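1. Quick one, fold the following:
(chains A and B)
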Amino acid sequence: MLRDVTLGQYFPGNTVVHRLDPRTKILLVVIYIVALFQAQSWIGYGLVTLVTLVCMALSKIKPSSMFKGVKPMLFIIVLTALLNIFYTEGTPVRPGWIITWEGIARAVQMMLRIILLISGTFLLTYTTSPIALTDGLEILLSPLKKLKVPVHEMTMMMSMALRFIPTLIAETDKIMSAQKARGADFETGSLIQRAKALLPILVPLFVSAFKRADELAVAMESRCYHGGEGRTRMKQLVMRPRDYIALVLGLLFLAAMIVLKRVGL
Amino acid sequence: MEPIIVFENVHFNYPGDEKESLHGIDLSVTRGSFVAVLGQNGSGKSTLAKHMNAILVPNEGRVLVDGIDTADESSVLDVRRRVGMVFQNPDNQIVANVVEDDVAFAPENLGVEPKEIRRRVNAALRLVGMYEHRMHAPHLLSGGQKQRVAIAGVIAMEPEIIVLDEPTAMLDPQGRREVVDTAFSLCRGKGMTVVLITHHMEECIDADRVLILSEGRLTADGRPEEIFADKALLEREGLEQPETARLLRELREAGMKFPGEALKIDDCANRIAQALQAEERSRSSWQKSSPKS
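-> From the prediction side, this is the model:
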């Protein structure tokens, strides 16, 4: 049951989007978000939507999996839309109504903005393996090392956490089976009862996780780990022509959005 | 022969522990040899192993690895790159999500050039027979395979010594055989010094030397044939004779005559066959000679 849990939401593939350097993709997402917030008119939103759809088509990610990413946010999206409908002043749809034409337009635009925001960032995690993502982040954030931010340690922790997710899931499964074999009941009862039933799982899980951490630290030390200093990497990230092309296109897109905003469209 | 690891009167106790875990160990391991260390739980086997790559340093006495004192903090990395350690739980020593990334971990830490790392990783994975699995996720491998990946991760440092601390304790028989065979091929084929800590007698049969550790003291040290023939010693240490040695002993007690000891299954079978043939011969010669008398 727990084995089916996939975290990181990475869909392996071999499209242009997949092959881009993770650094390029992270930068592009930042550019995309900035550009998205420049949109003020239907033309602006139309352009962002178009760009998003083109990227989705290039990455060959199914629209249905995109929708799955948006689904958990549905509540916030609807709430934002409702607030905008009722709280925007302007010409009422009918005399005496609170709902205004401007409100409806704003609501639709806000919904679009949130959906586009989610889709854009999900495109990054859908097409980039977690390891590539942490590698890219470490390099992009490396200037912060000068400010004594422990960038290497943070990314090391992230990749280590990702490495141990399947191990800990398997362990949880094992503990749950052991408890069930001794008559524990996780499926029935009120919410509070079920939450209480989880305690006998969490305690052994934590104990063994700490033990694991201890052993792992010794194993890492004995393999000469001594922090990020003087460390090299077997897999070097290489910026290829397509990365530069993608970045230039991204910047052009941002420029277009800024111009649109200035013109007042 | 030149010693590569030397223990000189090593005493050690864990902080807050009254009893000493190591109680005056004197030991020297010859370069290129295969040494097996036996002992019951709590006998200090793992503590001994951890002294070999400066994870623990003695309270008293000293440990020299290739002439370097492990207590010297400035040369800890020099010690650790010479001594590779493989631990009991394969899950808790694999650090990366992909087999080849894990094998690259140690050379990356040592600051080796990327191209050289790639060469070492491929060579190490071929050596342990896991090259085909280099792109796999470690959690999908069997226990024996994981442990071989862990060995590859250590070999990629190009160490001179490999210390295996109960590497087979959590494995099934198949996995145990894989790991022990790999360890022997590293010693016999590559000339590495191997220290294997275990409580499975069968794994020590081919070793050059067997040590028995009991309550922090070395109580026996010799060739496997000598150690395993000594029933009194093994009983005192709470160890069992390997099945082959036990079979020969029981047959001997039942009246069959065997020259010397045989620990390997093939040798043992040959000895029994020879003894049976000899018996057959003596019986038929008796039958032939009996009509004359």
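2. if I pick the closest residue to A:Phe11 other than its chain neighbours, what's in contact with it?
-> Closest residue to A:Phe11 apart from its sequence neighbours, by Cβ to Cβ, 6 or more residues apart in numbering or on different chains: A:Tyr126 at 5.1 Å. (Glycine included, C-beta is placed from N, CA and C.) Residues in contact with A:Tyr126 (Cβ atoms under 8 Å, 6 or more residues apart in numbering or on different chains) are A:9-11, A:59, A:61, A:65, A:69.
3. Let me know the next secondary structure element after the helix or strand hosting A:Tyr126.
-> Under the criterion of DSSP states H and E, A:Tyr126 resides in helix A:101-127. For helix A:101-127, the following helix or strand on the C-terminal side (DSSP H and E) is helix A:130-141.
4. And the nearest residue to B:Pro224 once chain neighbours are set aside, how far from B:Asp221?
-> Using Cβ to Cβ, 6+ apart and skipping residues adjacent in sequence, the residue nearest B:Pro224 is B:Val210, 5.0 Å away. Taking Cβ to Cβ, to the nearest Å as the measure, B:Val210 falls 8 Å from B:Asp221.
5. More neighbours: these two, which one.
-> Using other Cβ atoms under 10 Å in any protein chain shown as the criterion, B:Val210 and B:Asp221 rank with B:Val210 on top: 23 against 15.
6. looking at this, the more buried one is in a strand?
-> Yes - B:Val210 forms part of a strand when assessed by DSSP: H, G, I helix; E, B strand; the rest coil.
7. That one touches B:Ile227, doesn't it?
-> Yes - counting by Cβ atoms under 8 Å, B:Val210 sits close enough to B:Ile227 to count as a contact (4.7 Å).
8. What about B:Ile197? Give its phi and psi, please.
-> When read as degrees, to the nearest 10, the backbone of B:Ile197 gives phi -100, psi 130.
9. Identify the residues contacting A:Arg240.
-> Going by Cβ under 8 Å, 6+ apart, A:Arg240 touches A:Asp21.
10. and stretch A:97-117, how far from the chain's centre?
-> Offset of stretch A:97-117 from its chain centre (Cα atoms, centre = their mean, to the nearest Å): 24 Å.
11. Neighbours of residue 23, how many?
-> You didn't pick a chain, so chain A it is. 20.
12. oops, chain B please
-> B:His23: 18 neighbours (other Cβ under 10 Å).
13. Report the contact partners of it.
-> By Cβ under 8 Å, 6+ apart, the neighbours of B:His23 are B:11, B:44, B:215-217.
14. swap the cut-off to 7 Å and go again
-> By Cβ atoms under 7 Å, 6 or more residues apart in numbering or on different chains, the contact set of B:His23 is B:11, B:215-217.
15. Could you check how far it is from chain A?
-> For B:His23, the distance to chain A (Cβ to the nearest Cβ, to the nearest Å) stands at 23 Å.
16. Distance-wise, check that residue relative to B:Glu60.
-> According to Cβ to Cβ, B:His23 and B:Glu60 sit 10 Å apart.
17. list residues touching both of these two?
-> Jointly contacting B:His23 and B:Glu60 under the rule Cβ under 7 Å, 6+ apart are B:His11.
18. which stretches of chain A form helices?
-> A:16-19, A:22-36, A:42-59, A:63-70, A:74-87, A:101-127, A:130-141, A:151-181, A:191-222, A:241-263 (DSSP state H).
19. And these, which one averages the lowest pLDDT?
-> Comparing mean pLDDT across these, the weakest is helix A:63-70, with a mean of 80.
20. OK, contacts around the residue of the stretch 51-200 of chain A found nearest chain B?
-> Scanning the stretch 51-200 of chain A for the residue nearest chain B gives A:Pro166, at 4.4 Å (criterion: Cβ to the nearest Cβ). Listed by Cβ under 7 Å, 6+ apart, the contact set of A:Pro166 reads B:His139.
21. So which residues on chain A come close to chain B?
-> Listed as neighbours of chain B in chain A under the rule Cβ under 7 Å from any Cβ of the partner chain: A:131, A:160, A:162-163, A:166-167, A:212, A:215-216, A:218-226, A:230-234, A:236.
22. of those residues, buried ones?
-> A:131, A:160, A:162-163, A:166-167, A:212, A:215-216, A:218-225, A:231-232, A:234 (16 or more other Cβ atoms under 10 Å in any protein chain shown).
23. ok, B:Asp78 touching B:Ile68?
-> Yes - using Cβ atoms under 7 Å, B:Asp78 makes contact with B:Ile68 at a distance of 5.8 Å.
24. and the residue positioned nearest the centre of chain B, helix, strand or coil?
-> Nearest to the mean C-alpha position of chain B, by Cα atoms, centre = their mean, lies B:Leu196 at 1.8 Å. Following three-state DSSP, the label given to B:Leu196 is strand.
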